[in-house]
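Peer 1: With the input below, show me the fold.
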Amino acid sequence: MTQTLQRRTPLRTRVAHEHAKVSFVELFFDLVFVFAITQISHTLLEHFSLLGLAQAALLLGAVWWAWVCTSWVTNWLDPDSTPVRLMLFVLMFIGLALTTSLPGAFEDRGLIFACAYVAIQLGRSVFTLISLRGRSPANYRNFQRICLWFALSGVFWIIGGLADGGLRFGFWTLALALEYGAPWIGFRVPGLGRSSTAEWDIEGAHLAERCALFIIIALGESVLVTGATAAKLAATLPNSLAFANAFLGSVAMWWLYFHVGAERGSQRISTAEDPGSLARSAYTFIPLPLVAGIILVAVGDEFVLAHPAGHTELKVAIAVIVGPIFYVIGNLLFKKATAGWYPLSHLVGLGLLILWAPTAAILPPLALSFGATLILVLVAAWETLSLRPKEA
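Peer 2: I've put the predicted structure just below:
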């Protein structure tokens with residue numbers, strides 16, 4: 001009888017000293033976001049300007065928030081239970097509608113994007129609220145607050161979807177600011193109070209693994225884009241060098257996050273006194289500059305593959321230099337949050353990237369990009385050597 005009741009509950013079963021593994025349905029759910037990252041990259045390629053960058057940043061912020069909020073939910077709910085699994089499939093379908101609307105989100109598909117986004121955020125939160133009722137009082141009360149916050153932001157998403165031009169961007173920025181700001185004030189609601197991070201009873205290693213998988217998604221998307229573009233090009237020496245440089249850059253970015261940082265972060269959050277606080281910073285907000293950096297690097301690789309020689313345009317210089325800068329900053333913040341210090345290798349690498357930027361005025365795109373890639377390789381190698389076990 002007890003086993004039957006356990007199978008029916010939608011909550012994850014926590015086992016002491018073990019972390020919940022990422023389920024196959026969670027990985028299946030993530031496929032939607034491979035498409036989303038691709039859509040944002042392609043949209044930025046076609047509309048690379050200050051306005052295009054701002055719009056891409058807002059869309060990335062929304063896509064990331066929809067994904068990371070779902071990852072928090074599946075930290076408490078069991079994806080292998082039928083109701084939760086069906087909920088994720090519904091979110092996937094709505095997510096596909098949201099993703100297909102991304103290229104036209106600031107044109108004729110704004111309302112589709114807004115409605116899909118609100119349906120994901122509010123629908124998932126209401127489902128979680130119902131699932132927690134009578135099972136987790138503190139979390140149940142917190143999801144009452146969360147539902148109200150998403151209902152409030154949803155109003156501005158819908159109004160923005162109905163508006164045009166700058167008004168749409170303004171309303172959506174306000175909506176996203178409300179959602180990003182809510183966790184920092186404990187989702188405070190008059191009459192319901194606020195929650196504390198100590199009440200966010202999470203299984204930290206699971207959330208760490210989920211975020212690592214999203215970084216893999218973003219890196220994988222950049223590899224796919226590079227490979228698809230290179231396959232259409234003539235096999236010339238400049239094209240081959242540009243292709244090799246793009247791949248080397250992806251390897252360097254993987255190394256920076258995964259060689260030491262990812263596993264150390266997982267161990268740190270597993271033993272943290274307040275895992276909710278660490279999860280809020282290291283695995284909710286800090287990954288955003290990492291993903292933004294990966295997308296910009298992928299766009300820069302596309303530009304370099306298309307025109308490896310000649311004059312370096314401003315948009316190429318921005319993508320090639322700012323992408324690695326964002327990625328190094330993201331790693332800096334992540335390792336400060338999970339290890340307690342800023343790695344010297346990363347600080348030096350950030351300085352070198354800033355010093356390298358002016359060379360865009362005299363170097364062709366391939367040389368500029370190769371220099372930025374070498375700096376990433378240097379940072380990765382420096383950190384690896386500095387953290388080697390010292391011989392007795």
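
Peer 1: all helices for the stretch 201-350 of the chain, in order.
Peer 2: Per DSSP state H, counting those that start in this stretch, the stretch 201-350 of the chain carries helices over the ranges 204-231, 237-258, 261-270, 275-280, 287-306, 314-339, 344-356.

Peer 1: can I assume residue 20 sits in a strand?
Peer 2: No. Residue 20 is assigned coil when assessed by DSSP: H, G, I helix; E, B strand; the rest coil, not a strand.

Peer 1: Could I get the pLDDT score of the closest residue to it other than its chain neighbours?
Peer 2: Nearest non-adjacent residue to residue 20, counting by C-beta to C-beta, 6 or more residues apart in numbering: residue 206, 4.5 Å away. Where C-beta positions appear, they are placed from N, C-alpha and C, glycine not excepted. pLDDT, residue 206: 90.

Peer 1: Residue 206 against residue 26, yeah?
Peer 2: No. If you go by C-beta atoms under 8 Å, residue 206 and residue 26 don't touch, sitting 9.4 Å apart.

Peer 1: Compare neighbour counts for these two and give me the winner.
Peer 2: residue 206 (23 against 20; other C-beta atoms under 10 Å).

Peer 1: which ones are touching the more buried one?
Peer 2: Residue 206 is in contact with 19, 20, 21, 22, 75, counting by C-beta atoms under 8 Å, 6 or more residues apart in numbering.

Peer 1: So, low pLDDT: which residues of the protein?
Peer 2: 1-8, 14-19, 389-392 (pLDDT under 70).

Peer 1: so what are the domain limits for this structure?
Peer 2: Domain assignment for the chain, taken from automatic domain parsing, gives 22-199, 204-386.

Peer 1: Next, format the ones you listed as CSV and append distance to residue 9.
Peer 2: As requested, the domains of the chain are exported to CSV (distance: least, C-beta to C-beta, whole Å):
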stretch, distance to residue 9
domain 22-199, 7
domain 204-386, 17
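
Peer 1: Out of these, which is closest to residue 12?
Peer 2: Of all the domains of the chain, the one in closest proximity to residue 12, counting by C-beta to C-beta, is domain 22-199 (4.6 Å).

Peer 1: For the closest one, measure first residue to last.
Peer 2: Its start and end residues considered, domain 22-199 measures 23 Å (C-alpha to C-alpha, to the nearest Å).

Peer 1: in the stretch 1-150 of the chain, which spans are helices?
Peer 2: When assigned using DSSP H, counting those that start in this stretch, the helices of the stretch 1-150 of the chain occupy the ranges 2-8, 24-46, 50-76, 82-101, 110-132, 137-162.

Peer 1: Let me have these in TSV, extended by distance to residue 308.
Peer 2: Below are the helices of the stretch 1-150 of the chain laid out as TSV (distance: least, C-beta to C-beta, whole Å):
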stretch	distance to residue 308
helix 2-8	58
helix 24-46	16
helix 50-76	23
helix 82-101	31
helix 110-132	35
helix 137-162	40
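
Peer 1: Compare the ones you listed and give me the one nearest residue 224.
Peer 2: Here helix 24-46 is closest among the helices of the stretch 1-150 of the chain (C-beta to C-beta), at 7.5 Å.
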